[in-house]
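> Sequence and predicted structure are below.
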Amino acid sequence: MRRRDFLLALAGLWLSRSSPAGSVDFAPVLPGRRLVFPADHGAHPDFRTEWWYATGWLRLPDARQVGFQITFFRVRSGIGDSSASAFAPRQLILAHAAIADPDWGRLRFDQRSARTGFGRAGFATDQTRVWVDDWRLEQVADAFSAVVRGDAFSFALMLSPSAPPMLNGVAGFSRKAVDPRYASFYYSLPGLDVRGTLSVAGRSLPVSGEAWLDHEWSSALLPPAALGWDWVGVNLADGGALMAFQMRGVGGAALWSAASLRPAGGVSRNFAAEAVRFEPLRQWRSPRSGIAYPVEWRIGVGRRVFLLRALMPDQELDSRRSTGAIYWEGAVRLLESGREVGRGYLEMTGYGERIQLG
């Protein structure tokens with residue numbers, strides 16, 4: 001990334017965080033809006049923050065398995081909306097990508113950021129198509145193409161859905177607090193079939209596997225008392241899917257929780273805050289940041305109780321060169337009654353300092 005574009009992107013992101021409340025008219029997230037596809041696969045530029053988030057497990061030719069992650073963030077900075085200048089940082093695109101390989105022992109990750117315009121970065125509003133430099137996530141017919149070319153790794157993957165979107169919350173209106181002003185529009189595409197190539201250390205290998213794609217957009221996602229969140233998305237071995245999250249306050253207190261559980265071929269059930277419980281069991285402390293993260297959890301969803309275990313402890317991602325945060329993002333196994341019942345990804349934010357959005 002050219003230094004000038006990187007500094008402009010960071011400046012716009014910082015200005016968007018420090019803008020006085022009410023100085024920018026961001027679109028509100030309101031209940032009752034019906035999500036419509038394929039249009040809602042595209043960007044929603046009137047809202048403050050948006051992300052497309054793909055994670056999954058890949059099988060290598062030698063049968064080893066690694067995790068992968070690619071996230072594109074779109075941020076409306078609130079700066080330059082009325083300016084005619086093409087240099088105004090009205091919209092920013094930020095991206096993170098990582099490979100979790102137990103043989104290496106920690107994440108390989110990379111990041112990109114740029115303001116939209118001049119062909120460097122952009123998005124489409126009628127379908128999924130978002131890019132920064134030569135990184136992109138875009139719809140190809142009914143599938144999604146994810147292409148990343150990083151310094152330590154690259155991948156080109158095709159993600160093919162086998163079921164319609166899973167709408168989280170109430171028909172896609174996902175609350176993050178008792179106050180309904182703190183909410184997002186949010187859906188998931190679990191159970192994606194993956195085919196493509198992964199290149200590490202100059203070797204290009206064919207891979208296959210299963211993935212999960214989240215798409216979420218909001219203008220007021222994080223309630224004031226929340227430091228961050230814990231989120232998990234798991235493809236179940238029986239063909240079902242589980243998404244669960246909690247917003248976390250001081251001392252690890254759960255401020256709000258929710259979950260969606262979809263049986264194979266069935267209709268998803270959404271669980272309210274009182275039916276979702278996160279209990280940390282084992283911690284790992286990063287030797288680089290000094291931050292301690294729970295890498296094993298007990299999660300209750302309704303009457304079911306799951307154990308969540310990390311593929312490897314060291315899956316910390318330092319995104320201070322783009323979104324400004326250090327967080328944990330990694331591949332996990334899900335167990336129930338001592339038996340592995342699914343694989344997916346766990347995201348934990350706000351353990352070092354309060355997460356900042358937009």
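On my side now, so go ahead.

> if I look at the residue nearest to the spatial centre of the chain, how far off is Ala253?
Central residue of the chain (CA atoms, centre = their mean): Tyr53, 3.9 Å from the mean position. Separation of Tyr53 from Ala253 (CB to CB, to the nearest Å) stands at 25 Å. Where you see a C-beta, it was placed from the backbone N, CA and C, and this is true even at glycine.

> How about Trp51?
Trp51 is 25 Å from Ala253, by CB to CB.

> higher neighbour count, those two?
Trp51 (21 against 12; other CB atoms under 10 Å).

> Can you pull out the low-pLDDT segments for the protein?
1-23, 79-88, 320-324, 353-358 (pLDDT under 70).

> can you do 50?
The model of the chain has pLDDT under 50 over residues 1-22, 358.

> what about Glu50, which SS state?
strand (DSSP: H, G, I helix; E, B strand; the rest coil).

> With adjacent residues omitted, what lies nearest to it?
Sequence neighbours aside, Trp217 is the residue nearest to Glu50 in space, at 3.8 Å (criterion: CB to CB, 6 or more residues apart in numbering).

> One more: Asp133?
What sits nearest to Asp133 in space, not counting adjacent residues and going by CB to CB, 6+ apart, is Arg112, at 5.6 Å.

> hang on, the earlier thing: what helices or strands is the helix or strand where the residue nearest to the centre of the chain lies leaning on?
Per DSSP states H and E: Tyr53 is located in strand 49-59. Helices and strands touching strand 49-59, by 3 or more CB pairs under 8 Å, 6 or more residues apart in numbering; DSSP states H and E, are strand 65-76, strand 183-200, strand 203-220, strand 339-348.

> again, 7 Å this time
strand 65-76, strand 183-200, strand 203-220 (3 or more CB pairs under 7 Å, 6 or more residues apart in numbering; DSSP states H and E).

> quick one: contacts of it?
43-44, 65-75, 128, 130, 137, 146, 159, 192, 194, 198, 207-218, 221, 233, 331, 343, 345, 357-358 (CB atoms under 7 Å, 6 or more residues apart in numbering).

> Swap in 6 Å and give it another go.
By CB atoms under 6 Å, 6 or more residues apart in numbering, the residues outside strand 49-59 that reach it are 44, 65-75, 137, 146, 194, 207-218, 343, 345, 357-358.

> are any of these buried, and which?
Taking 16 or more other CB atoms under 10 Å as the criterion, what is buried in the contacts of strand 49-59 is 44, 65-75, 137, 146, 194, 207, 209-218, 343, 345, 357-358.

> Check the spacing between the residue nearest to Asp133 and Ser257 real quick.
Applying CB to CB to Arg112 and Ser257 gives a distance of 32 Å.

> and what of Gly67?
24 Å.

> Over to Asn270?
Taken as CB to CB, the span from Asn270 to Ser257 is 12 Å.

> Likewise for Gly119?
42 Å.

> Same check on Phe306?
The separation that Phe306 has from Ser257, given CB to CB, amounts to 14 Å.

> ok, now Ala241?
Relative to Ser257, and taking CB to CB, Ala241 is found at 17 Å.

> the more surrounded of Gly119 and Ser257?
Applying other CB under 10 Å to Gly119 and Ser257 shows that Ser257 carries more neighbours, namely 24 against 8.

> For the more buried one, name its beta-bridge partners.
On the basis of DSSP bridges, Ser257 is bridged to Gln246.

> on that earlier part again, name the residues of the strand holding Tyr53 that come out as buried.
49-58.

> With stretch 32-40 instead?
For stretch 32-40, using 16+ other CB under 10 Å, the buried residues are 35, 40.

> and Arg74, bridged to which residues?
According to DSSP bridges, beta-bridge pairing links Arg74 with Glu50, Ile93.

> before we move on, what about Phe155?
Residues in beta-bridge contact with Phe155 (DSSP bridges): Val148, Leu198.

> That one contacts Ala146, doesn't it?
No. Using CB atoms under 6 Å, Phe155 makes no contact with Ala146, being 7.2 Å away.

> Now do the phi/psi pair for Arg34.
When read as degrees, to the nearest 10, the backbone of Arg34 gives phi -90, psi 130.

> where's the nearest residue to Arg298 once chain neighbours are set aside relative to Glu296, distance?
Spatial nearest neighbour of Arg298, chain neighbours left out: Glu279 (4.2 Å); criterion: CB to CB, 6+ apart. Distance, Glu279 to Glu296, by CB to CB: 10 Å.
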